[in-house]
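K.L.:
Got a predicted structure plus its sequence, pasted below:
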Amino acid sequence: MHVSCLYPGHGVSISFYETGEVIQRVWLDDPSRILMDVDGCLQGLSDRSNCKDSGAGLIHLRQINSVSIPGMPTAKNGAHLTVITQSPAGTRQVYNFRVLTSKGSPRYSTISITPDVTRKEAPPADSIIVATISKGLQVAAEKRWITPSNPLWQKLQQLIQELQSGKNLTTAAESVKVSPQLIERLLQLGSESTAPNLPNQIPNQKVKPTIQRNQDFPDDSSSN
């Protein structure tokens, strides 16, 4: 499952322009902190319920102040976004994203879904996820929540190596036996901290169309 981070005043667009796919339906499981819009007309989305020609090519997500929605629990590890698309040939595809609200400096503004590589090619590592997890681990070490002598440290180093080799996040986590909760915490820590070695420009992030995505660090939100 791909992870996308939203920052106050800086949204993220998910673009399917390069694949030529048309977005048919979208579901955001926790809309209490995230506002979603599209560049077309989709059934069931806000006031655009009467669509004669349903479809879109881009989704825009923005962080908003949290609102209480009766009967809806708040997602603690990011809101799940499901996107259903249809290719020019009529093939349907399901994309899953985990959307986190965060602080700090934005690292990208667009996630571009690109045509898939052949199966013989190794997919490139997702540099944003690798950098964010690495930064999160650095923050945890600075707070003395983990040390290099801890066996978990070695597992997390193995996780980063697996990601750099081209494995997706879900497969890499299962391979080294690291919990999804810990990964989400690392992503949160990394996204809330400004990495000094990142460029000032906010690059567009490209993702392959086949996106797939028990230990915990303490929650530091009380100290903010």
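P.N.:
Happy to help now that I have it. Residues are numbered from 1 along each chain as shown.

K.L.:
So which elements touch whichever strand or helix holds residue 159?
P.N.:
Applying DSSP states H and E as the criterion places residue 159 in helix 151-164. With contacts defined as 3 or more CB pairs under 8 Å, 6 or more residues apart in numbering; DSSP states H and E, helix 151-164 has these neighbours: helix 127-142, helix 169-176. (Each C-beta comes from the backbone N, C-alpha and C, glycine too.)

K.L.:
For it, buried residues please.
P.N.:
Within helix 151-164, the residues scored as buried using 16 or more other CB atoms under 10 Å are 152, 156, 159, 160, 162, 163.

K.L.:
about what we covered before: save the helices and strands packed on helix 151-164 as JSON lines, and put in mean pLDDT, distance to residue 39 and mean neighbour count too.
P.N.:
Formatted as JSON lines, the helices and strands packed on helix 151-164 follow (pLDDT from 0 to 100; distance: least, CB to CB, whole Å; neighbours: other CB atoms under 10 Å):
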{"stretch": "helix 127-142", "mean pLDDT": "86", "distance to residue 39": "23", "mean neighbour count": "20"}
{"stretch": "helix 169-176", "mean pLDDT": "85", "distance to residue 39": "28", "mean neighbour count": "17"}
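
K.L.:
where are the low-confidence patches of this protein?
P.N.:
By pLDDT under 70, the weakly predicted segments of the chain are 1, 44, 46-51, 116-126, 193-224.
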